[in-house]
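In: I would like to see how this sequence folds:
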Amino acid sequence: MAKRKPTRKKRQTKKSRKKASAKSPLFKALAGVAVLAVVVVASGISLYLLVPPAPPPTAVKPPKAKTPPAVQKPTFEIYPREAQPPARPVAKKNIPRAIPKPGKPRALPLVALIIDDLGYDKKIARKFAQLDVALTFSILPHSPFQRKIVRLAESKGLEIMLHLPMEPVEYPKVDPGPGTLLTAMSPDELIAQLDENLKDLPNIKGVNNHMGSRLTAESTQLYQIFSVLKKRGLYFIDSRTSAESLCEPSARLFQIPFAQRDVFIDHYLTPDFIRNKKAVGILHPHTTTLKVLREMLPDLKDQVQLVPASKIVRPVG
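Out: Numbering: from 1, shown residues only. Got it, this is the predicted structure:
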């Protein structure tokens, strides 16, 4: 028996159901997901074909441990022309000593030996302190080993000074280091920096200049510096890094205890040159200076009385 064809009414009903299903939210969601999946797959295939694969990861070496930078010693001094060494060291002459006449023993001259530029080498400072003589330690402010050197000096009963950095004529090519007083500073800036340097090294008895060939020739700024030293009861020793230094007349004006070096004992760094110097002077923390000073001490003690720097300063005039 032949099947009946669906009537026209039934065919319209099926089409209506299909249209209704296509309009339902579930159908739309499923269709959207399908389209999205097709797009993602197509994009992935395109990237794979167009972009070359990344090279396999290489083993990453662990970074090397950073070593702390070595402490760099500053320039010790810029010597003025009149202190320049001779072309050759003077040969030592063996001159026989005169036989002293009987009578009152003569008073030995007072000599102060100042070790400048301390603060960057604690080992050499310890070796100078072990000489067990009345040396004066002049320490640079804001230096890496200043506190240890101060404690060392105090334990040995050594006098301590501030080695005050001042602007040389070679600045800025030559930098005296942290805490330098500059001619370009205003009065407030200059005094603030000076106060900071003095605060950094408490228990000092005096000050001497580190470099300063330009600033020590400026009377106005020296007045500002010496007014602070006067209030604090500190003495000043002029390192005489310039023949144009105005430190002495400035010290006279403020009536602060004052002295100046006679010679840099070790600016020509050979044993013969150091050994032949007989004047009061300034030394630097060199191994050669230490060696020769140690050798000379027995004879030196017979000829002079080594004293702290505070024993040789006095008001000028």
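
In: From now on I want contacts and neighbour counts done on CA atoms only, so please keep to that.
Out: Will do.

In: can I assume residue 283 is in contact with residue 118?
Out: No. If you go by Cα atoms under 8 Å, residue 283 and residue 118 don't touch, sitting 10.5 Å apart.

In: quick one, what contacts the closest residue to residue 317 other than its chain neighbours?
Out: Closest residue in space to residue 317, ignoring its immediate chain neighbours: residue 252 at 6.6 Å, by Cα to Cα, 6 or more residues apart in numbering. By Cα atoms under 8 Å, 6 or more residues apart in numbering, the residues touching residue 252 are 315-317.

In: Specify which member of those is nearest to residue 159.
Out: Closest to residue 159 out of the contacts of residue 252 is residue 315 (19.4 Å), distances taken as Cα to Cα.

In: all helices for the chain, in order.
Out: All helices of the chain, identified by DSSP state H, fall at 8-23, 25-50, 122-129, 146-155, 187-200, 219-232, 247-254, 271-275, 287-303.

In: Out of those, point me to the one whose mean pLDDT is lowest.
Out: Across the helices of the chain, helix 271-275 has the smallest mean pLDDT, namely a mean of 48.

In: tell me the angle the lengthiest strand in the chain makes with helix 187-200.
Out: Counting residues, the longest strand found in the chain (DSSP state E) is strand 159-166. In terms of direction (axes from the mean of the first three to the mean of the last three Cα atoms, to 10 degrees), strand 159-166 departs from helix 187-200 by 150 degrees.

In: Contacts for strand 159-166, please.
Out: Here strand 159-166 makes contact (Cα under 8 Å, 6+ apart) with 116-117, 134-141, 150, 153, 176-182, 197-198, 201, 203-216, 308-309.

In: Looking at those, which are in strands?
Out: Among those, the subset assigned to strands under DSSP E consists of 116-117, 135-139, 206-211.

In: Between these, which sits nearest residue 129?
Out: Within those, proximity to residue 129 (Cα to Cα) peaks at residue 135, which comes in at 7.8 Å.

In: Pretty sure the closest one sits against residue 116.
Out: No. Between residue 135 and residue 116 there is no contact under Cα under 8 Å: 10.6 Å.

In: Residue 283 and residue 118: who's more crowded?
Out: Using other Cα atoms under 10 Å, the more surrounded residue of residue 283 and residue 118 is residue 118, with 26 against 20.

In: Name the nearest residue to that one, ignoring sequence neighbours.
Out: Leaving out its chain neighbours, the residue that sits closest to residue 118 by Cα to Cα, 6+ apart is residue 139, at 4.6 Å.

In: and stretch 209-219, C-alpha only, in PDB?
Out: Taking C-alpha atoms only, stretch 209-219 is exported to PDB below (Å, rounded to 0.1, in the frame of the first residue of the first chain):
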ATOM      1  CA  ASN A 209      94.200  71.800  55.500                       C
ATOM      2  CA  HIS A 210      94.200  69.100  52.800                       C
ATOM      3  CA  MET A 211      95.300  70.700  49.600                       C
ATOM      4  CA  GLY A 212      93.600  74.200  49.500                       C
ATOM      5  CA  SER A 213      96.000  76.200  47.400                       C
ATOM      6  CA  ARG A 214      93.100  78.200  46.000                       C
ATOM      7  CA  LEU A 215      90.900  78.600  49.100                       C
ATOM      8  CA  THR A 216      93.700  79.400  51.500                       C
ATOM      9  CA  ALA A 217      94.400  82.500  49.300                       C
ATOM     10  CA  GLU A 218      90.800  83.700  49.800                       C
ATOM     11  CA  SER A 219      90.700  85.900  53.000                       C
END
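
In: No further questions, thank you.
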